[in-house]
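Q: build me a model from this:
(chains A, B, C and D)
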Protein chains: 2
Amino acid sequence: MNLKTLAQELGLSPTTVSRALNGYPEVSEATRQRVLSAAAAANYQPNTQAKRLATGRAMAIGHIIPISDRHEIVNPVFADFIAGAGEIYANAGYDMVITIVPDNLEARAYGELSSKGNVDGVLVHAPRLNDHRIALLDDLSLPYVMHGRVNGTRKPYSWVDVNNTRAFERATNFLLDLGHRRIALINGISDMDFARRRKLGYERALSARGITPDPALLTEGEMTEAQGHDSARSMLALPDPPTAFLTASLLSAMGVRRGIEENGLTMGRDVSIVTHDDELGYLRNGTAQEPIFTATRSSVREAGRRCAQMLISHIERGDTQPRSDLMEAVLVLGQSTGPAPKR
Amino acid sequence: MNLKTLAQELGLSPTTVSRALNGYPEVSEATRQRVLSAAAAANYQPNTQAKRLATGRAMAIGHIIPISDRHEIVNPVFADFIAGAGEIYANAGYDMVITIVPDNLEARAYGELSSKGNVDGVLVHAPRLNDHRIALLDDLSLPYVMHGRVNGTRKPYSWVDVNNTRAFERATNFLLDLGHRRIALINGISDMDFARRRKLGYERALSARGITPDPALLTEGEMTEAQGHDSARSMLALPDPPTAFLTASLLSAMGVRRGIEENGLTMGRDVSIVTHDDELGYLRNGTAQEPIFTATRSSVREAGRRCAQMLISHIERGDTQPRSDLMEAVLVLGQSTGPAPKR
DNA sequence: TTGAAAGCGCTAACAG
DNA sequence: CTGTTAGCGCTTTCAA
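A: Next up, the predicted model:
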């Protein structure tokens, strides 16, 4: 069923039917009703491709996910973000187009998406320091919103981000208040903007109490279980080991926990973990003494919603001014012990 | 830059240029080269929407992800599957269109995707027993491939699946060989086809040794950390507790581990876990005595690739015969202890 | 308030 | 081997 045949059946022109269906005001109410009910009866759905060609709008938003050869990791945060954004797209009538590319071809992927007209805008994930994609997208003049901020760029751009600095500052303070002085940070890849901010918050809290951050208590890398484990093992073997670990990933936290156990120490008595992932219900709800904070999964989803909303309004209203939205991290600080007394 | 202007610059008709670009044989080699280099120079990219309208092919494949209100869970397997499928799509020139819908609107979403012509086919996730989507998609005559099989349907359909039955049978045998007799299965939602198959394999192995599966050692539900924890706690409190747990999810395994520890037992000495997720590097590579098997993340990704490949060939060759592909689960069985001696 | 006609950018008969 | 001519199904001036 297409517009033409529907129009014929109604004895109207395709123009009028189109107008009635798309809510143009110049159609008489009687005609509109007649058209609407006929369309419903015939289960008429306008052909997307034709509409796109005629209007010049793709009614689709792109997400480019680079995959590296080195580390086969799909950011676990990705699924939740997508779920949040997808909700908004569905309601607004946009398709979500996901492109998986080897990371060395990422720039080309943006170029093609833009010049082939597949999407009206893109959402940009995991910004790095001095992220080159800002310049690239500005060149393409393709609307975009970044999930996260970019340090080291002077150009204005739109973004949605969690307040990582403050979240990690608060978490660090939480541990400091309990009496911890040797606090380890298991952080993400240093090239990532979010990791930089987290480190900043951590250092800020330490410095405010006159503590110099110890590089031996800092790990930067992919936040895997192995990372947490290796870090915990080696740090706990230090002459002056940490009494608490701060990390932002479920997997890392699991690894840290294993490292602690393998060292014959007890979680929550000898060593505490503070982490940042609401999958860690077992830390929150268990009998454990460990403190935890924030809610990655649900807040990432919310970030997805807000990013999508912002991008759509850029596209539809043709916004030229960039916008920003700094989400507060959801802190869920539980009870905890202080450091174990020295033996 | 569009076809027409490119053709004008070359002093050719749009038709010839189109033919040269699309590899039609009836173009002289000289012309083809001239066209190709001009296109490259002008960075010409054909407009996707126009191409789609003209050819009647969306060059896109849909994935519908239902979201339930009750449990806010995006299957963690999803991201890896998508990554695998996305690789194939990118190479074949297809867009991947992901639709997030409330689960009660799933059927409508398929209908719209089909009648609006947004996609040429769909990949169907997480089949349930007697999955209604098979009938629906057959009605729509929209090409599809299921990731997983559907029990209780007589209609033929295309699928790619892991050999869940055999994987769980082998894993159970592995534990039986070590001397375990009380083996718990922490399983997925019973309505899911994969869960049914896993249970089947587990039961088959037990029965072959004359052991009657004990319903008290079976949990069925969302595979969360809490599920693993709660199951382990209550099962370990039984008069005749399990000496080993079999589960297929990282999160569940974490929970089981917590449950074991909270009961004052030691992993790998008093109780073993066998699981099914290659994120569990910490079980495989650690000092632990626990056995593990299979590789969810990488095998899910491979499943994504194979599903995508199959669907594309259905679409392009217009296959009418359904096909199937039973992947062998990657078993990585480590060393383990048998059950702890009775005290 | 409605309709006719042109066109979005491409492909695909059909000629030559 | 190349070009002419119609569309694909919709939107959008421009007229009536």
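Q: check whether stretch A:245-252 contacts chain B.
A: Yes - with CB under 8 Å from any CB of the partner chain as the criterion, chain B is reached by stretch A:245-252 at residue A:251. Backbone N, C-alpha and C define where each C-beta goes, glycine included.
Q: chain center to that stretch, what's the gap?
A: What separates the centre of stretch A:245-252 from the centre of its chain is 17 Å, taken as CA atoms, centre = their mean, to the nearest Å.
Q: now do stretch A:186-195
A: 14 Å.
Q: can you tell if it touches chain B?
A: No - Stretch A:186-195 is not in contact with chain B by CB under 8 Å from any CB; minimum separation 14.3 Å.
Q: for that stretch, how far is the first residue from the last?
A: For stretch A:186-195, the separation between the terminal residues is 10 Å (CA to CA, to the nearest Å).
Q: which parts of the stretch 101-250 of chain A sit against chain B?
A: With CB under 8 Å from any CB as the criterion, the stretch 101-250 of chain A meets chain B at residues A:101, A:112, A:115, A:116, A:117, A:118, A:224, A:225, A:226, A:229.
Q: do I have it right that the second one meets residue B:45?
A: Yes - in this structure, residue A:112 sits in contact with residue B:45. The criterion is CB atoms under 8 Å, and the distance is 6.3 Å.
Q: what strands flank the host helix or strand of residue A:326, and is each parallel or antiparallel?
A: In this structure, residue A:326 sits in strand A:324-327 according to DSSP states H and E. When pairing is defined by DSSP bridges, strand A:324-327 lines up against strand A:159-162 (parallel).
Q: contacts for the partner strand, please.
A: With contact meaning CB atoms under 8 Å, 6 or more residues apart in numbering or on different chains, strand A:159-162 is reached by A:127, A:145-150, A:194, A:299, A:303, A:306-307, A:310, A:322, A:324-329.
Q: how about that strand as CSV, C-alpha atoms only?
A: Output of strand A:159-162 as CSV, limited to C-alpha atoms (Å, rounded to 0.1, in the frame of the first residue of the first chain):
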residue,chain,number,x,y,z
TRP,A,159,28.3,17.2,25.5
VAL,A,160,26.7,15.3,28.3
ASP,A,161,28.8,14.0,31.1
VAL,A,162,28.8,12.7,34.6
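Q: hey, where'd the helices end up in chain A?
A: Along chain A, the stretches classed as helices by DSSP state H are A:3-10, A:14-21, A:29-42, A:48-55, A:77-92, A:106-115, A:133-140, A:164-177, A:193-208, A:225-236, A:250-262, A:281-285, A:296-317.
Q: let me have the ones you listed in a markdown table, extended by distance to residue B:315.
A: What follows is the helices of chain A, written out as a markdown table (distance: least, CB to CB, whole Å):
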| stretch | distance to residue B:315 |
| --- | --- |
| helix A:3-10 | 26 |
| helix A:14-21 | 30 |
| helix A:29-42 | 27 |
| helix A:48-55 | 16 |
| helix A:77-92 | 23 |
| helix A:106-115 | 21 |
| helix A:133-140 | 30 |
| helix A:164-177 | 43 |
| helix A:193-208 | 39 |
| helix A:225-236 | 39 |
| helix A:250-262 | 37 |
| helix A:281-285 | 42 |
| helix A:296-317 | 29 |
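Q: tell me the spacing between residue A:237 and residue A:78.
A: Separation of residue A:237 from residue A:78 (CB to CB, to the nearest Å): 34 Å.
Q: neighbour count winner among these two?
A: In terms of neighbours (other CB atoms under 10 Å in any protein chain shown), residue A:78 is the more surrounded of residue A:237 and residue A:78; the figures are 22 against 10.
Q: got a list of what the more buried one touches?
A: By CB under 8 Å, 6+ apart, the contact set of residue A:78 is A:65, A:125, B:79.
Q: by neighbour count, which of those wins?
A: In those, the most neighbours by other CB under 10 Å go to residue B:79, 24 neighbours.
Q: quick check: that residue touching residue A:77?
A: No - at 9.3 Å, residue B:79 and residue A:77 do not qualify as touching, with contact defined as CB under 8 Å.
Q: any low-confidence regions in the stretch 101-250 of chain A?
A: The stretch 101-250 of chain A contains no residues with pLDDT under 70.
Q: by proximity to DNA strand D, which residue of it wins?
A: Nearest to DNA strand D in the stretch 101-250 of chain A, going by CB to the nearest atom of the strand, is residue A:117, at a distance of 13.4 Å.
Q: hang on, that residue packs against residue A:58?
A: Yes - if you go by CB under 8 Å, residue A:117 and residue A:58 touch, sitting 5.8 Å apart.
Q: now do residue A:150 against chain B, distance only.
A: Relative to chain B, residue A:150 is positioned 24 Å away (CB to the nearest CB, to the nearest Å).
Q: I'd like to know how far that residue sits from residue A:136.
A: Computed as CB to CB, the residue A:150 to residue A:136 distance reads 12 Å.
Q: how about the contacts made by the nearest residue to residue A:2 once chain neighbours are set aside?
A: Excluding its sequence neighbours, the residue lying closest to residue A:2 (CB to CB, 6 or more residues apart in numbering or on different chains) is residue A:47, at 6.6 Å. By CB under 8 Å, 6+ apart, the residues touching residue A:47 are A:2, B:53, B:116, B:117.
Q: run a quick neighbour tally on the residue of the stretch 101-250 of chain A found nearest DNA strand C.
A: Per CB to the nearest atom of the strand, the residue of the stretch 101-250 of chain A with the smallest distance to DNA strand C is residue A:117, at 7.8 Å. Neighbours of residue A:117 under the rule other CB under 10 Å: 20.
Q: and it, its phi and psi?
A: Main-chain dihedrals, residue A:117, degrees, to the nearest 10: phi 70, psi 30.
Q: what distance do you get for it to residue B:89?
A: For residue A:117, the distance to residue B:89 - CB to CB - is 18 Å.
Q: any idea how far residue A:308 lies from residue A:2?
A: Residue A:308 is 31 Å from residue A:2, by CB to CB.
Q: settle it for me: which of these two has more neighbours?
A: Between residue A:308 and residue A:2, counting by other CB under 10 Å, residue A:308 is the more crowded of the two (29 against 12).
Q: correct me, but the more buried one touches residue A:91?
A: No - Residue A:308 is beyond contact range of residue A:91, at 9.5 Å (criterion: CB under 8 Å).
Q: buried residues of stretch A:163-178, list them for me.
A: For stretch A:163-178, the neighbour count (16 or more other CB atoms under 10 Å in any protein chain shown) marks A:164-176, A:178 as buried.
Q: please apply the same query to stretch A:144-157.
A: For stretch A:144-157, burial by neighbour count (16+ other CB under 10 Å) applies to A:144, A:145, A:146, A:147, A:148, A:149, A:150, A:153, A:157.
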